[in-house]
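In: A predicted structure for the sequence below; I have some questions about it.
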Amino acid sequence: MSIPGLGRETQPAAPISTNRTLTLNPFWEWRFEVGFNSEIKVKLISGTAEKDGTELASQQAYRFSGVKSKILTLQGCKIQVDGIPHDEFVAEVYQPTDSPMNSYLNLHFKLTAMRETAAAGGTDGPRVLICGSHNTGKTSVARTLASYATRVGFQPLVVNADPKEGMLALPGTLSASVLASVLDIEAVDGWGTTPTSGPNQVPVKLPLVFFYGRASPTEAPDQYRELVTRLAGTATSRFSHDSSVRSSGIIVDTPAVDEKSRAETDLLVHIAEEFSVNIVIVLGSSRLTAELSKRLSHEETGPGEKTHVILLDKSDGVAERDEAFREQTCEALIKEYFFGSVGRTLSPATQQVDFDSLTIYRLGDSSIYGTRDDGIMVAEPSPLMTHSTLAIAHASTKDSPETIRTANLMGFVYVADVDKERRKMKILAPVAGRLGDRPFLWGSWPEPFVNLLG
Ligand SMILES: Nc1ncnc2c1ncn2[C@@H]1O[C@H](COP(=O)(O)OP(=O)(O)OP(=O)(O)O)[C@@H](O)[C@H]1O
């Protein structure tokens, strides 16, 4: 039909298929980036493929949104991609030794041998720390080594000492968890879903989580050290009685360090010492390798055992994540924590509470509370709290400030609104129930962002 002056009515366009098949040879990687407002689906058609060490099941469609990552094949594969990524690239290599993955794989074989020896002798398995400067692929390597370990039947204790990332917990935390099963390929944080109240397809790994409430370890180095010590002590005592965890060892992911920064290297050495690390993997920095060798190689980490510091290449595929991307990831993680994800919808509860029925501690912030930035202080109702997440400490409101600030966490709530005059707050919690008997911790990071209920 033609309408005068308006031209011909257009026929609905036939949907354009965005489905295509990619063929990857052994050790090739398909590197892709997907924005937060779009989604792609990836299906393994034949061969084998993995994302950060976790194998894709054949013929299953995996959805990706808000991610920069890669699909690697060790034996060659065909994958079907449905949707248009924001960016993509196939990294071809002519022989496996051209890929840094080859050295990560060899490291895995070496660790497997050490774990087998430890299991046979009833001793501790390898305690590995992964470090390097910004964007060297530390978290990806840690995740890959952890996945490989579980694939051959080990159960390593995985530690995230990088508050910017959040592993099985929201960012701003340090955490540790035993990995005994596959990682969730689609998870926003790359590990799995942060445990809340709903059912999960992939078994939830109950992590041990501590609240740091800032992005960078050097912002509050004393508090950071204190939490690392707590995390190491609690995690090792909780899991040391389990012989299969002990012989599987530890894998520690660390915050980025500037190789020239003494303060940052000092914190790295502290993490290594607290976890009695005996293998340090440095990605892409010979200077950091030399510095850590000087400071750690003389240390005995066990009877007749010394720390080995090993330099490995970083992958040139590691993607830069700018602040906006990190903020969006953080937002996605917080939303997922309260509301769940596709196929796993949660029902959080909103409640109006009297501010004075809660005990909220502000982690030291001298810009608001003068010079008392050494510990925590009871917060007054403030609009600054609106749209923040508060951590719920596994402690009593009557405990000492030190016990509260170093307590492990039970979960998080979200502050939807604060009425300063009436001293009332609207709070979103993962489950309905009384909130008053546990202390809450309020950090300066992640910063308040969007209105989750808006
Ligand atoms: N080979 C690769 N191809 C494509 N993307 C990759 C590759 N390796 C890592 N990435 C992606 O690059 C980003 C940064 O990687 P990763 O988090 O492992 O680095 P990092 O060194 O831990 O970062 P940071 O310094 O911020 O802690 C992530 O989104 C990760 O999925």
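Out: Okay, I see it. Not measured: the values here are computed from a predicted model. Numbers count the residues shown, from 1 in each chain.

In: Can you say which helix or strand has residue 328 in it?
Out: According to DSSP states H and E, residue 328 maps onto helix 323-339.

In: What residues of that helix count as buried?
Out: Buried positions in helix 323-339, judged by neighbour count with 16 or more other C-beta atoms under 10 Å: 325, 328, 329, 330, 331, 332, 333, 334, 336, 337, 338, 339. Any C-beta I mention is one placed from the backbone N, CA and C, and that applies to glycine too.

In: mind checking how far that helix is from the chain centre?
Out: How far helix 323-339 lies from its chain's middle: 12 Å, per C-alpha atoms, centre = their mean, to the nearest Å.

In: Can we start the residue count at 14 from this point?
Out: Done: numbering now begins at 14, and the last item shifts to helix 336-352.

In: Dump that helix to CSV, restricted to CA.
Out: Extracted C-alpha coordinates of helix 336-352, given in CSV (Å, rounded to 0.1, in the frame of the first residue of the first chain):
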residue,chain,number,x,y,z
GLU,A,336,36.8,3.0,34.7
ALA,A,337,33.4,3.1,33.0
PHE,A,338,33.7,-0.6,32.1
ARG,A,339,34.7,-1.5,35.7
GLU,A,340,31.8,0.6,37.1
GLN,A,341,29.4,-1.2,34.8
THR,A,342,30.8,-4.6,35.9
CYS,A,343,30.4,-3.6,39.5
GLU,A,344,26.8,-2.5,38.9
ALA,A,345,26.0,-5.7,37.1
LEU,A,346,27.5,-7.7,40.0
ILE,A,347,25.5,-5.8,42.6
LYS,A,348,22.3,-6.2,40.5
GLU,A,349,22.9,-9.9,40.1
TYR,A,350,23.5,-10.3,43.8
PHE,A,351,20.1,-8.9,44.7
PHE,A,352,18.0,-9.7,41.7
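
In: Skipping adjacent residues, who's closest to the residue of the chain found nearest the ligand in space?
Out: Nearest residue of the chain to the ligand: residue 330, at 2.7 Å (C-beta to the nearest ligand atom). Leaving aside its sequence neighbours, residue 330 sits nearest to residue 44 (C-beta to C-beta, 6 or more residues apart in numbering; 4.9 Å).

In: Then residue 79?
Out: Of all residues beyond its chain neighbours, the one nearest residue 79 is residue 49 (4.0 Å), with distances taken as C-beta to C-beta, 6+ apart.

In: Stretch 443-450: which residues count as buried?
Out: By neighbour count on 16+ other C-beta under 10 Å, the buried set for stretch 443-450 is 443, 448.

In: So what does residue 81 have for phi and psi?
Out: phi -120, psi 120 (degrees, to the nearest 10).

In: burial measure for it, as a count.
Out: Neighbours of residue 81 under the rule other C-beta atoms under 10 Å: 20.

In: Contacts only, for it.
Out: 45, 46, 47, 332, 334, 338 (C-beta atoms under 8 Å, 6 or more residues apart in numbering).

In: again, only this time at 10 Å
Out: Contact analysis of residue 81 by C-beta atoms under 10 Å, 6 or more residues apart in numbering lists 44-48, 98-100, 330-334, 338, 342.

In: Helices - which of those residues land there?
Out: Under the assignment DSSP state H, the contacts of residue 81 contribute 338, 342 to helices.

In: Quick check: strands, which of the contacts of residue 81 are part of them?
Out: 44, 45, 46, 47, 100 (DSSP state E).

In: Same list, these, but as JSON lines with neighbour count, distance to the ligand and pLDDT please.
Out: As requested, the ones in strands among the contacts of residue 81 are exported to JSON lines (neighbours: other C-beta atoms under 10 Å; distance: C-beta to the nearest ligand atom, whole Å; pLDDT from 0 to 100):
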{"residue": "44", "neighbour count": "20", "distance to the ligand": "4", "pLDDT": "97"}
{"residue": "45", "neighbour count": "22", "distance to the ligand": "7", "pLDDT": "97"}
{"residue": "46", "neighbour count": "19", "distance to the ligand": "8", "pLDDT": "96"}
{"residue": "47", "neighbour count": "22", "distance to the ligand": "11", "pLDDT": "96"}
{"residue": "100", "neighbour count": "11", "distance to the ligand": "10", "pLDDT": "94"}
